[in-house]
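Enquirer: my questions concern the predicted model and sequence given below.
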Amino acid sequence: MVGCDDAQAKAWGHRLQLLGCAPVRFESSSDFLMAVTHGAPFDLLLVVLKDEGAWPVLTAMCKALRIPIFLVANALQRDLLTEVLAAAGNESPGASIDFAVLPVDDFEVELRVREALRRNDTLLHPQSVSALFGDYQFLGSRKVVVHRGSEIRLKPREFELALLLFRNAGRLLEREWLLASLWVDSRIERKSRVLDCCVANIRRKLSLHKESEFVLHSVYGRGYELRHLPGSASASSSSLMVDDGFPDTSNEPTWLEETERARA
């Protein structure tokens with residue numbers, strides 16, 4: 001995070017932590033470049049646009065290292081923003097630049113970052129990443145779920161949606177939030193059946209029906225909830241998950257209020 005004021009750094013940083021990121025704040029582009037030069041690894045640069053001469057070096061460095069950029073500007077900087085985007089180009093997919101014009105709410109920042117990381121394949125790419133939920137093992141590098149010895153291959157968005165459901169078993173995931181989170185790069189209307197088809201495929205492929213350890217329920221007019229059956233072999237849902245490396249994606253806005261109440 002470069003050029004953010006205190007309020008932005010606090011609000012956006014908290015949101016990114018809930019996404020599973022580890023945000024690091026730099027006061028200037030030169031500080032960020034110094035850290036990168038010394039080998040500090042970063043998956044994305046979130047920068048508030050300032051009129052400074054470091055932009056050619058900054059974008060060149062990010063291109064070389066395949067670090068995507070999320071650029072935030074205010075309405076008075078449109079001309080400068082146009083110049084920056086034109087000079088940077090987008091030849092390298094891993095160094096693409098997304099942008100937004102202030103005011104930008106915390107949820108939009110989260111969605112833009114999530115999509116940039118998805119495009120750059122950094123959310124789920126580590127070879128050793130795995131997560132275990134009862135008899136379901138998720139292998140991120142291959143987009144495969146292993147269930148009782150059988151490998152089940154899912155499409156990328158099916159895999160991400162299934163992982164969201166399992167990581168948040170027992171919670172209702174609102175339809176609008178799922179559409180915004182997983183299809184942020186597309187104009188998907190609320191009435192679209194794309195989410196329902198994705199859910200149906202997951203339910204079928206992973207056998208998430210009433211005879212199984214986990215059951216995927218549709219909540220009419222609201223969304224979907226994955227429930228663990230109380231009579232299953234495992235004693236409790238808290239003992240079902242062994243998580244190694246996957247980012248925490250439990251960040252639906254109303255849950256933040258629950259977390260604050262729990263800490264009080």
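Expert: Now that the structure is in, tell me what you want to look at.

Enquirer: just want the most central residue of the protein.
Expert: The centroid of the chain falls nearest to Arg114 when counting by C-alpha atoms, centre = their mean (3.4 Å).

Enquirer: my read is that that one contacts Leu19, right?
Expert: Yes: Arg114 is within contact range of Leu19, at 6.3 Å (criterion: C-beta atoms under 8 Å). Where you see a C-beta, it was placed from the backbone N, CA and C, and this is true even at glycine.

Enquirer: is the residue nearest to the centre of the chain located within a strand, as I assumed?
Expert: No: read with DSSP: H, G, I helix; E, B strand; the rest coil, Arg114 is helix and lies in no strand.

Enquirer: so which bits of the strand or helix carrying Arg227 are buried?
Expert: Using DSSP states H and E, Arg227 maps to strand 223-228. Buried positions in strand 223-228, judged by neighbour count with 16 or more other C-beta atoms under 10 Å: Gly223, Tyr224, Glu225, Leu226, His228.

Enquirer: one more: stretch 135-149?
Expert: Within stretch 135-149, judged by 16+ other C-beta under 10 Å, the buried ones are Asp135, Tyr136, Gln137, Phe138, Leu139, Gly140, Lys143, Val145, Val146, His147.

Enquirer: restricted to strands, list the residues you listed.
Expert: Cross-referencing these against strands under DSSP state E gives Tyr136, Gln137, Phe138, Leu139, Val145, Val146, His147.

Enquirer: right, and the last one touches Phe138 too?
Expert: No: proximity of His147 to Phe138 does not meet the contact threshold set by C-beta under 8 Å, at 10.2 Å.

Enquirer: beta partners of Phe26?
Expert: Listed beta-bridge partners, Phe26: Val2 (assigned using DSSP bridges).

Enquirer: which residue sits closest to Phe166, ignoring its sequence neighbours?
Expert: Phe133 (4.6 Å; C-beta to C-beta, 6 or more residues apart in numbering).
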